[in-house]
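> predicted coordinates and the sequence they were generated for:
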Amino acid sequence: MSRRVRLAVTALACALGCSPVLSGCGAPGASTGSPADAVQVVLEDLVAAFPDDAQVSVVTADGDVVTAGEVPESTAWSTIKVPIAIEALRESGDELDEQAKLAITESDNDAASALFETLGGGYQASTKIDNLLREADDTSTLTLPNAALGGDTGFGMTQWSSADQARFAAWMACSDEDAVQHVYRLMADLVDSQAVGVETVEGGHAKSGWGTNEHTGVSTMRQMGTIDTGSGLAAMSIVITGSELEDVTEEIDVLADWLAGHAGELPVIKCGVDEQ
């Protein structure tokens, strides 16, 4: 672990070691406002502890999203393979199971590109992905076609906000559609080289994405997923950006591990249960 990340861990412990919301300590009878406000405060302290820009979004029981922190860009990278795999399985069914497995569990770029091409490629495929995202109440994300930036992974440069991504994770978990649930299950069966943070805990489903934008120089490491806490699902998206990919990768391990360790104290959703 680098010195920068060790300092982040130390700062994190100092900032949150006695959180009245997530650690159970603090003055008796102290008011923290609404549950969402209290979580917002803790998450703001959480992201502020890191040397690079960090952002965390979690879904509340009523479907709202609490987001803390800001990042200069929110490049999807390999997390966009999740909706690509879902839409491809919707259209072609079991015949694409192996390609979907490779795209999700191994984050195989060739498999993801092949799935994208089965949707017609280019703007035809990206429009289908956008329509899928709209089903999860994402009204703003526009999936890039392959031709947008050249090469065969242009869709990975899609800008996908952590709030919309957390909402999509919650939607996936509660969907009863076969294609959606198939991909969701794959997110709990990642190969060792892909399993970090949220996916490494019992009841975790996750997909990560990382890379460096050659046009801006910004390196991003991010993860979307859910954790079964026993009392509901904590649905989240986390993003860290910086100048060095190695640094943000180490930092997101710390951030994701912390969230995983405190998942039972985060807001949760309960599929099929309407909040009154």
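Here it is on my side, so go on.

> who does the residue nearest the centre of the chain bridge with?
Among the residues of the chain, the one closest to the centroid is residue 224, at 1.6 Å (CA atoms, centre = their mean). Residue 224 forms beta bridges with residue 207, residue 237, as assigned by DSSP bridges.

> you'd agree it is up against residue 82?
Yes. Contact criterion CB atoms under 8 Å: residue 224 and residue 82 qualify, at 7.3 Å. For every residue, glycine as well, the C-beta is placed using N, CA and C.

> quickly list what's touching both of those two.
Shared contacts of residue 224 and residue 82, defined by CB atoms under 8 Å, 6 or more residues apart in numbering, comprise 168, 207.

> residue contacts, residue 78?
Residue 78 sits next to 107, 109, 112, 156, 207, 208, 209, 210, 211 when contact means CB under 8 Å, 6+ apart.

> contacts only, for residue 162.
55, 56, 57, 67, 71, 74, 222, 237, 238, 239.

> what's the farthest-apart pair in the residues you listed?
Farthest apart among those by CB to CB are 67 and 222. That separation is 13.4 Å.

> which of the two has more residues huddled nearby?
residue 222 (28 against 18; other CB atoms under 10 Å).

> which residue sits closest to the more buried one in space, ignoring its chain neighbours?
residue 239 (4.3 Å; CB to CB, 6 or more residues apart in numbering).

> is it true that the one you found touches residue 47?
No. Under the criterion of CB under 8 Å, residue 239 is not in contact with residue 47, lying 9.6 Å apart.

> of the two, who's got more company?
Taking other CB under 10 Å, residue 239 and residue 47 do not tie; residue 239 has more neighbours (31 against 23).

> the more buried one: which element?
Counting by DSSP states H and E, the element that carries residue 239 is strand 233-242.

> tell me the buried residues in the next helix or strand along the chain from that strand?
Next helix or strand after strand 233-242 toward the C-terminus (DSSP H and E): helix 245-261. Residues of helix 245-261 classed as buried by neighbour count (16 or more other CB atoms under 10 Å): 247-260.

> same question for stretch 188-207.
188, 190, 194-199, 201, 204-207.

> list of residues touching it?
So stretch 188-207 is contacted by 78-79, 81-82, 104-107, 169, 173, 184-185, 187, 208, 223-230, 236, 238, 252-253, 255-257, 259-261, 263 (CB under 8 Å, 6+ apart).

> that one spans what distance, first to last residue?
9 Å (CA to CA, to the nearest Å).

> cool, and stretch 252-270?
Start-to-end span of stretch 252-270 (CA to CA) is 26 Å.

> try stretch 210-219
Termini of stretch 210-219 sit 7 Å apart (CA to CA).

> which residues does that stretch contact?
Stretch 210-219 is touched from outside by 72-73, 75, 77-78, 149, 156-157, 220-222, 241-245, 247-249, with contacts defined as CB under 8 Å, 6+ apart.

> next, format the buried residues of helix 245-261 as a markdown table and append pLDDT and distance to residue 129.
Formatted as a markdown table, the buried residues of helix 245-261 follow (pLDDT from 0 to 100; distance: CB to CB, whole Å):
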| residue | pLDDT | distance to residue 129 |
| --- | --- | --- |
| 247 | 89 | 30 |
| 248 | 88 | 25 |
| 249 | 85 | 26 |
| 250 | 85 | 31 |
| 251 | 86 | 29 |
| 252 | 80 | 24 |
| 253 | 80 | 28 |
| 254 | 83 | 31 |
| 255 | 81 | 27 |
| 256 | 77 | 25 |
| 257 | 77 | 30 |
| 258 | 82 | 31 |
| 259 | 80 | 27 |
| 260 | 75 | 28 |
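
> export those residues to a markdown table and tack on distance to residue 127?
Formatted as a markdown table, those follow (distance: CB to CB, whole Å):
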| residue | distance to residue 127 |
| --- | --- |
| 247 | 36 |
| 248 | 31 |
| 249 | 32 |
| 250 | 37 |
| 251 | 35 |
| 252 | 31 |
| 253 | 35 |
| 254 | 38 |
| 255 | 33 |
| 256 | 32 |
| 257 | 37 |
| 258 | 38 |
| 259 | 33 |
| 260 | 35 |
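
> ok, those residues vs residue 34, which is closest?
residue 259 (20.4 Å).
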